[in-house]
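Trainee: Need a 3D model of the sequence below.
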Amino acid sequence: MKKSANFFLLFLFPVLAFAQNRIDAQDIIRQIDQGKTVNYQNAEVVGDLDLTQLQNKRLKKAVSSIWPGSQRNYVSTVESPLQFTNCTFRGDVLAYYAKEGENATYQADFEQAVQFVNCTFERASAFKYSRFEKEISFRGSRFGEDASFKYAEFSTSPDFGGAKFTNGADFKYVKFPRGVDFSGATFEREAVFKYTKFSSGANFERATFASFADFKYTEFSGPPQLSGITFKGSEDFKYAKVDGRSFSTYLLKNR
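Mentor: Here you go, the predicted model:
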């Protein structure tokens with residue numbers, strides 16, 4: 001009987017080892033507020049992970065707007081390194097939002113390295129206007145709803161290699177540093193890179209655009225890597241340029 005029990009435990013151990021731990025999003029916020037390193041593997045994060053309401057939240061600026069009163073911009077700063085591997089986020093992951101009915105926006109900036117590797121975002125993920133000062137990776141991650149990185153600022157090259165965007169992906173107005181990686185990425189819905197600027201070394205090898213790919217007014221400094229890129233839907237490269245020359249001409253020669 002004892003041998004049978006031991007055999008059962010040995011059989012069950014791999015299942016337990018790879019089972020996802022259930023973590024409340026508020027526990028992660030508390031860790032960040034306490035200045036602790038956040039490191040989770042094979043975890044299921046429940047609830048909205050709202051990074052815009054940290055204890056260090058401050059009013060960054062108030063500017064005039066077309067609405068009565070001033071537009072206020074509140075910024076929280078994530079001072080802890082964040083590392084999530086093979087994690088699933090059941091709720092929204094928010095580093096930006098505009099509160100309905102208020103003339104206020106809330107965003108989060110990141111002082112340390114941020115890694116979401118092979119993660120699944122089941123709901124919205126918003127990093128609009130966020131500033132990333134260290135390494136940033138979303139390699140192999142899946143975005144189930146809209147993913148917004150509009151106006152985001154990257155100090156080092158972000159890694160989106162192998163990422164899958166099942167809904168809209170918005171990178172409008174982003175200025176990417178040299179070496180940004182979208183190799184093997186899949187965009188199932190609209191992908192917006194309008195007015196985006198890429199420094200030398202932008203990698204789109206084997207990337208797939210299944211729907212509308214918006215590269216209007218996009219600027220590349222140095223030729224991008226496009227080997228194996230696939231466009232299954234419509235595309236717009238109007239006014240896009242590579243080193244000041246027409247990008248459409250470059251694309252036709254290098255597909």
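
Trainee: C-alpha only now, for contacts and for neighbours.
Mentor: OK.

Trainee: What sits closest to Glu122 if chain neighbours are left out?
Mentor: Gly144 (4.7 Å; C-alpha to C-alpha, 6 or more residues apart in numbering).

Trainee: What is the burial count for the one you found?
Mentor: Gly144 has 17 neighbours, counted by other C-alpha atoms under 10 Å.

Trainee: got the contact list for the closest residue to Phe154 other than its chain neighbours?
Mentor: Counting by C-alpha to C-alpha, 6+ apart, Phe154 lies nearest to Phe132, which is 5.0 Å off, once chain neighbours are set aside. By C-alpha atoms under 8 Å, 6 or more residues apart in numbering, the residues touching Phe132 are 109-113, 152-156.

Trainee: mind running it again at 10 Å?
Mentor: 78, 108-114, 152-158 (C-alpha atoms under 10 Å, 6 or more residues apart in numbering).

Trainee: quick one: it and Val114, what's the gap?
Mentor: Going from Phe132 to Val114 by C-alpha to C-alpha, to the nearest Å gives 8 Å.

Trainee: what's the overlap in contacts for the two?
Mentor: With contacts taken as C-alpha under 10 Å, 6+ apart, Phe132 and Val114 have 78, 158 as neighbours in common.

Trainee: Please tell me which one of the contacts of Phe132 counts the most neighbours.
Mentor: Ala108 (27 neighbours).

Trainee: beta partners for that residue?
Mentor: Per DSSP bridges, residues listed as beta-bridge partners of Ala108: Ser76.

Trainee: Quick check, it in contact with Val93.
Mentor: No: look at Ala108 against Val93 with C-alpha atoms under 10 Å: they stay out of range, at 11.1 Å.

Trainee: what residues are up against the nearest residue to Thr77 once chain neighbours are set aside?
Mentor: In space, and not counting its chain neighbours, Thr77 is closest to Asp109: 4.9 Å by C-alpha to C-alpha, 6+ apart. Residues near Asp109 by C-alpha under 10 Å, 6+ apart: 51-52, 75-79, 95-96, 127, 129-133, 152-153.

Trainee: Make a PyMOL selection of whichever of those turn out to be buried.
Mentor: For the buried members of those, the matching PyMOL selection, counting by 16 or more other C-alpha atoms under 10 Å, is:
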select buried, resi 51+52+75+76+77+78+79+95+96+127+129+130+131+132+133+152+153
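
Trainee: residue ranges with poor pLDDT in the stretch 101-250 of the chain?
Mentor: Within the stretch 101-250 of the chain, no range satisfies pLDDT under 70.

Trainee: so what secondary structure elements neighbour whichever helix or strand Asp27 is part of?
Mentor: Using DSSP states H and E, Asp27 falls within helix 25-33. Counting contacts by 3 or more C-alpha pairs under 10 Å, 6 or more residues apart in numbering; DSSP states H and E, helix 25-33 packs against strand 38-41, strand 43-46, strand 49-50, strand 70-78.

Trainee: Pick the most buried one from the ones you listed.
Mentor: Ranked by mean neighbour count, the helices and strands packed on helix 25-33 are led by strand 49-50 with a mean of 22 (mean count of other C-alpha atoms under 10 Å).
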